[in-house]
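Student: please find the sequence and the predicted model below.
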Amino acid sequence: MGLNYSERIPNNVNLSGDRRLMRALEIWQPHFLEWWKEMGPEGFQAADVYLRTATSVDAKGWATFGYLKMPDYRWGIFLAEANPDERIAFGEHKGEPLWREIPGEYRGVLRRLIVTQGDTEPASVEQQRHLGATCPSLYDLRNLFQVNVEEGRHLWAMVYLLHAYFGRDGREEAEALLGRRSGSGDNPRILGAFNERTPDWLSYFMFAHFTDRDGKYQLASLAESGFDPLARTCRFMLTEEAHHLFVGESGIGRVIERTCQLMNAHDTDSVGLFGGIDLAIIQRYLNFHYSISLDLFGSELSTNAANYFSAGLKGRYREDDWRDDHQLIGATRTVLKPEGSVIVESTQPALVALNETLRDSYVADCERALARWNKIIGAANIDFALKLPHRGFHRAIGQFSGVNVTPKGEIVSAQGWESRRDQWLPTSADKQLVADLMRPVLKPGEFASWIAPPVRGINHQPLDFEYVADLPQV
Ligand SMILES: [Fe+2]
Ligand SMILES: [Fe+2]
């Protein structure tokens, strides 16, 4: 079904065929816009941004590009195409037809899953709302805003499910999604990483790389769901998510590239004086963002995770690719756990360890990106390699939360760990240095001193294209 943009709420779910639902969403729509104006990108609501808008839900040619003011973005409800032959692929209901309605016994759990996912979307917009003031280029500013409007659309995606399938509770949850605020003392966002500040663009790129990538894995496992509307919603969200991950990975890659240029030009590791960010600082930011993103996968051992899988609600990453029974009856796997002063492998039921299995897929993906960054350093003939810290490092959730693990994976005393914290995590001096570099660059084709230009522009436009026009007077 094509995307219908002629209605007040663009959609491909035949919204006009369900007047009650349409009216409920039309009541929510102005509340969303109020939230966007209050908590969306600060200072740029009236700017013209070169944005892409979805025109179809298939992988090819789904976007058109043009100037838009962000509050005029056509947020809507888009689900990937249904596959009539598809059946539930895993768990106790494996082989049964997909659910078009919510099975009563899973209502509570499904609502929780949808609300938790939905909450991260507006949270990230709130976390990033001040970044426009210090953008390193118009190209980067445009990419930030593209990510922001799409996170807004992801909120729409989850709110649609709440309104369409959860009745009154769903409507209340949809309102509450606009009521919580990232970092708020009394009404914070649900997950820890989404209450952290994103104070500067290095943190932003790290967030888009590591934290959005957790989102990719959560969405991919929900895209396997036996509840078909959820699966199809998440499938389309994943196509949008790919751009967010690109912004993160290429952003960090460009910072690294610039640092290497400055190191070679000035024959030094300390490039702060020359307007760059030291590789050691990049490593510490990486350690921080990677570790808090690992927490988002939850505890290594989780009966909730087992139940979600057995119930057919949340699968593994690319469930079809797993060569097993897709039910994990009697299956086991090894899981790392701290034991006294060492980290050992323990054998656990695979079902209870599913968070760890999803985390494995994520870690492997992070390793691949890391190798690409290290290639940039290698190409500059610099003898340095970025590393992912051990998965027990700096964890607040799961079996490692009570122990002090070094990036190399050794357990040390609390005091021993604290005494080396400044080697491993961003220091106040690091944050100050990065903050001092954050000055807006708003001239087309120009880039801040700490980041290399990208290889190419957006949608075949040149690098000096005016990606954001009609800027506020700063
Ligand atoms: Fe999202
Ligand atoms: Fe995202």
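Tutor: Nice, I can see it. Ligands and ions are numbered 1, 2, ... in the order given.

Student: next to ligand 2, which bits of the stretch 101-250 of the chain? Give me the list.
Tutor: Residues of the stretch 101-250 of the chain found near ligand 2 (CB under 5 Å from the ion) are Asp212, Glu241, His244. In short, each C-beta sits where N, CA and C put it, glycine included.

Student: show me what contacts the residue nearest to Ala469 when sequence neighbours are not counted?
Tutor: Leaving aside its sequence neighbours, Ala469 sits nearest to Asp48 (CB to CB, 6 or more residues apart in numbering; 4.3 Å). The neighbourhood of Asp48, defined by CB atoms under 8 Å, 6 or more residues apart in numbering, consists of Tyr67, Leu68, Lys69, Val468, Ala469, Asp470.

Student: can you tell me the SS state at the first one?
Tutor: Going back to what we said before, that points to Tyr67. Under DSSP: H, G, I helix; E, B strand; the rest coil, the three-state class of Tyr67 is strand.

Student: Tyr160 touches Phe236, doesn't it?
Tutor: No. Contact criterion CB atoms under 8 Å: Tyr160 and Phe236 do not qualify, at 11.4 Å.

Student: who's more crowded, these two?
Tutor: Tyr160 (27 against 24; other CB atoms under 10 Å).

Student: contacting residues for the more buried one?
Tutor: Val13, Leu25, Ile77, Thr233.

Student: please identify which pair of these lies farthest apart.
Tutor: Greatest spatial distance in the contacts of Tyr160: Leu25 and Thr233, 14.2 Å, computed using CB to CB.

Student: the more surrounded of those two?
Tutor: Thr233 (28 against 24).

Student: quick check: the gap between the residue nearest to Ala469 and Pro472.
Tutor: According to CB to CB, to the nearest Å, Asp48 and Pro472 sit 12 Å apart.

Student: again with Thr357
Tutor: 47 Å.

Student: who has more neighbours out of those two?
Tutor: Remark: of Thr357 and Pro472, Thr357 carries more neighbours, 21 against 13, as counted by other CB under 10 Å.

Student: next, the contact list for the more buried one, please.
Tutor: Applying CB under 8 Å, 6+ apart, the residues near Thr357 are Arg316, Arg333, Ala350.

Student: just among those residues, which is most surrounded?
Tutor: Counting neighbours by other CB under 10 Å, the top entry in the contacts of Thr357 is Arg316, with 24 neighbours.

Student: now the element after the helix or strand where Arg107 lies, going C-ward?
Tutor: Taking DSSP states H and E as the criterion, Arg107 maps to helix 107-127. Remark: after helix 107-127, the chain's next helix or strand is helix 138-165, criterion DSSP H and E.

Student: please, where are all the strands along the protein?
Tutor: Assigned by DSSP state E, the strands in the chain fall at 48-54, 63-69, 332-339, 342-349, 404-405, 411-412, 468-469.

Student: export those strands to TSV and tack on distance to ligand 2?
Tutor: Listed next are the strands of the chain as TSV, based on distance: least, CB to the ion, whole Å:
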stretch	distance to ligand 2
strand 48-54	14
strand 63-69	16
strand 332-339	28
strand 342-349	31
strand 404-405	29
strand 411-412	34
strand 468-469	20
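
Student: let me have the ones you listed in JSON lines, adding mean pLDDT and distance to Cys135 as columns.
Tutor: What follows is the strands of the chain, written out as JSON lines (pLDDT from 0 to 100; distance: least, CB to CB, whole Å):
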{"stretch": "strand 48-54", "mean pLDDT": "94", "distance to Cys135": "12"}
{"stretch": "strand 63-69", "mean pLDDT": "93", "distance to Cys135": "17"}
{"stretch": "strand 332-339", "mean pLDDT": "97", "distance to Cys135": "40"}
{"stretch": "strand 342-349", "mean pLDDT": "97", "distance to Cys135": "42"}
{"stretch": "strand 404-405", "mean pLDDT": "98", "distance to Cys135": "36"}
{"stretch": "strand 411-412", "mean pLDDT": "98", "distance to Cys135": "40"}
{"stretch": "strand 468-469", "mean pLDDT": "97", "distance to Cys135": "8"}
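
Student: what about these, which gets the closest to Ser310?
Tutor: Proximity to Ser310 (CB to CB) singles out strand 342-349 among the strands of the chain, at 11.4 Å.

Student: what angle do the helix holding Arg107 and helix 138-165 make?
Tutor: 160 degrees (axes from the mean of the first three to the mean of the last three CA atoms, to 10 degrees).

Student: return helix 107-127 as PDB; C-alpha atoms alone will do.
Tutor: Extracted in PDB, the C-alpha atoms of helix 107-127 (Å, rounded to 0.1, in the frame of the first residue of the first chain):
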ATOM      1  CA  ARG A 107      -1.000  -7.700  26.600                       C
ATOM      2  CA  GLY A 108       0.800  -6.400  29.600                       C
ATOM      3  CA  VAL A 109       4.300  -7.500  28.500                       C
ATOM      4  CA  LEU A 110       3.800  -6.200  25.000                       C
ATOM      5  CA  ARG A 111       2.700  -2.900  26.200                       C
ATOM      6  CA  ARG A 112       5.800  -2.700  28.400                       C
ATOM      7  CA  LEU A 113       8.000  -3.500  25.500                       C
ATOM      8  CA  ILE A 114       6.400  -0.900  23.200                       C
ATOM      9  CA  VAL A 115       6.400   1.800  25.900                       C
ATOM     10  CA  THR A 116      10.100   1.100  26.700                       C
ATOM     11  CA  GLN A 117      11.100   1.300  23.100                       C
ATOM     12  CA  GLY A 118       8.800   4.300  22.500                       C
ATOM     13  CA  ASP A 119      10.300   6.200  25.400                       C
ATOM     14  CA  THR A 120      13.800   6.200  24.000                       C
ATOM     15  CA  GLU A 121      12.700   8.000  20.800                       C
ATOM     16  CA  PRO A 122      11.600  11.400  22.300                       C
ATOM     17  CA  ALA A 123      14.300  11.000  24.900                       C
ATOM     18  CA  SER A 124      17.100  11.200  22.400                       C
ATOM     19  CA  VAL A 125      15.600  14.300  20.800                       C
ATOM     20  CA  GLU A 126      15.600  15.900  24.200                       C
ATOM     21  CA  GLN A 127      19.200  14.900  24.900                       C
END
